[in-house]
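Enquirer: Have a look; sequence and predicted model below, questions after that.
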Amino acid sequence: MVLQWTLGVKSEVFFTSYEDTEATLSVDRDGMTTDVKVAVREDNSIGIRVVLPEIQTTDITYDVDQSIVEGIRYGYWTLYDYVAQFKFVFTKEGASQLGGFGTIGSLFPGTWDWQAFWHTTALISIILAFMNVLPIPALDGGHVMFLAYEMITGRKPHDRVMEIAQMIGIFLLLGLFVYANANDVVRFLA
């Protein structure tokens, strides 16, 4: 089987019904046509990576010390970007993009890849850490809010006030939980 593939038209080639484990691609390089044999994967795809001339790719390797520094830097900028985008959650379009377990599951790639798995797990961890420090009474940020009040005023909030605030916080979180997962169900059914 010979395929013709044009740069910019498709980024992946999939065979819908292909019996062999090898395919022949006809490659046009600077006016010269060459046939190249490629392996077809079990999912009937072949790996094609588009590298545009104006985009330079490099592989960077780090030793242990450098990787710790780069990991902290990457985590910082990921958190920075997430916090900068957080304001969009409170818009109509942002609220419609909230997702629950289904959306979290879709963040992971369809095939197993250690690097993608740990990268996505770290991203989710950073997101949850940020959300945990929000001043919602049922979360750690809410407890810090009450401690700050106690430090400023010199007196502890009444237990009944804290109890009501905790209940409101839990209802807010449960409502958000139901809303986000309902968005997943609506997207799945649509």
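Expert: Noted; the coordinates are in hand.
Enquirer: which ones are touching the most centrally placed residue in the chain?
Expert: Taking C-alpha atoms, centre = their mean as the criterion, Leu107 is the residue nearest the geometric centre of the chain, at 4.9 Å. With contacts defined as C-beta atoms under 8 Å, 6 or more residues apart in numbering, the neighbours of Leu107 are 120, 123-124. For every residue, glycine as well, the C-beta is placed using N, CA and C.
Enquirer: which one among these gets closest to Thr103?
Expert: Closest approach between the contacts of Leu107 and Thr103, by C-beta to C-beta: Ile124, at 10.8 Å.
Enquirer: and whichever strand or helix holds that closest one, what other elements does it pack with?
Expert: Counting by DSSP states H and E, the element that carries Ile124 is helix 114-132. Helix 114-132 sits against helix 64-85, with contacts defined as 3 or more C-beta pairs under 8 Å, 6 or more residues apart in numbering; DSSP states H and E.
Enquirer: Any buried residues in the helix it packs on, and which?
Expert: For helix 64-85, the buried set under the neighbour-count rule, 16 or more other C-beta atoms under 10 Å, comprises Thr78.
Enquirer: immediately after that helix, which helix or strand?
Expert: Beyond helix 64-85 on the C-terminal side, the first helix or strand identified by DSSP H and E is helix 92-96.
Enquirer: Show the pLDDT at the residue nearest to the centre of the chain.
Expert: Note for Leu107: predicted pLDDT of 88.
Enquirer: helices and strands around the lengthiest helix in the chain, which ones?
Expert: Longest helix in the chain by number of residues, with DSSP state H as the criterion: helix 159-189. Applying 3+ C-beta pairs under 8 Å, 6+ apart, one finds that helix 159-189 contacts helix 101-106, helix 140-153.
Enquirer: now the angle between helix 140-153 and that helix, please.
Expert: Relative orientation of helix 159-189 with respect to helix 140-153: 150 degrees, computed using axes from the mean of the first three to the mean of the last three C-alpha atoms, to 10 degrees.
Enquirer: now the chain, which segments are flagged as low pLDDT?
Expert: 1-20, 43-45, 47-53, 55 (pLDDT under 70).
Enquirer: Show me how it divides into domains.
Expert: The record assigns the chain these domain ranges, following automatic domain parsing: 2-46, 64-189.
Enquirer: Pull the residues that contact stretch 58-76.
Expert: With C-beta under 8 Å, 6+ apart as the test, stretch 58-76 has contacts from 122, 126.
Enquirer: one step back: got the helices and strands packed on helix 159-189 as a markdown table, with distance to Val133 columns?
Expert: As requested, the helices and strands packed on helix 159-189 are exported to a markdown table (distance: least, C-beta to C-beta, whole Å):
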| stretch | distance to Val133 |
| --- | --- |
| helix 101-106 | 20 |
| helix 140-153 | 4 |
